[in-house]
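Participant: Here's my sequence, what's the structure:
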Amino acid sequence: REGGGGGGGGALANTSASLDRWDASLRDRVVEMSSSLQKEKESYVQLEQRYREEMLARSDLELLKSKLEQEVASLSQRLAHESEMAEARARALEAEGARRR
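Facilitator: As a prediction, this is how the structure comes out:
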């Protein structure tokens with residue numbers, strides 16, 4: 001009987017050691033996963049920051065584009081006006097030249 005009891009104790013010790021190894025293995029795995037998750041989170045935060053910066057840059061570019069389009073429209077109007085004025089002056093000079101002849 002004592003031998004059988006001792007054998008049972010040995011099996012229990014083996015099971016306990018096996019559970020300890022399994023527990024340590026799980027803890028290691030949790031630490032690895034946690035570390036991996038932290039790296040993924042940092043990567044995500046960096047991507048999110050880059051996205052925000054890109055969106056701000058895009059917004060700035062769209063604002064600049066709008067200002068440039070307004071400036072081009074203004075310059076086009078001014079050019080059309082100057083062109084009309086030049087044509088009127090040319091017609092006036094032609095008329096004056098015709099009168100002098």
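Participant: Could you say which helix or strand holds Arg99?
Facilitator: Using DSSP states H and E, Arg99 maps to helix 2-100.
Participant: ok, so what distance separates Ala80 from Glu94?
Facilitator: As judged by C-beta to C-beta, to the nearest Å, Ala80 and Glu94 stand 21 Å apart. Bear in mind the C-beta positions are built from the backbone N, C-alpha and C, glycine included.
Participant: what's the burial count for Val46?
Facilitator: Careful, residue 46 is Gln; it's not Val. Look at Gln46: counted by other C-beta atoms under 10 Å, it has 10 neighbours.
Participant: now Glu84
Facilitator: Residues lying near Glu84 (other C-beta under 10 Å) number 10.
Participant: can you check Ser76 too?
Facilitator: Ser76 has 10 neighbouring residues, counting by other C-beta under 10 Å.
Participant: Do you know the pLDDT at it?
Facilitator: pLDDT, Ser76: 97.
Participant: swap in Glu2?
Facilitator: 45.
Participant: distance of the residue nearest to the spatial centre of the chain from His81?
Facilitator: Nearest to the geometric centre of the chain sits Tyr51, at 1.3 Å (C-alpha atoms, centre = their mean). To His81, Tyr51 is 45 Å away according to C-beta to C-beta.
Participant: What of Leu12?
Facilitator: 102 Å.
Participant: Got the confidence number for Met85?
Facilitator: We have a pLDDT of 97 for Met85.
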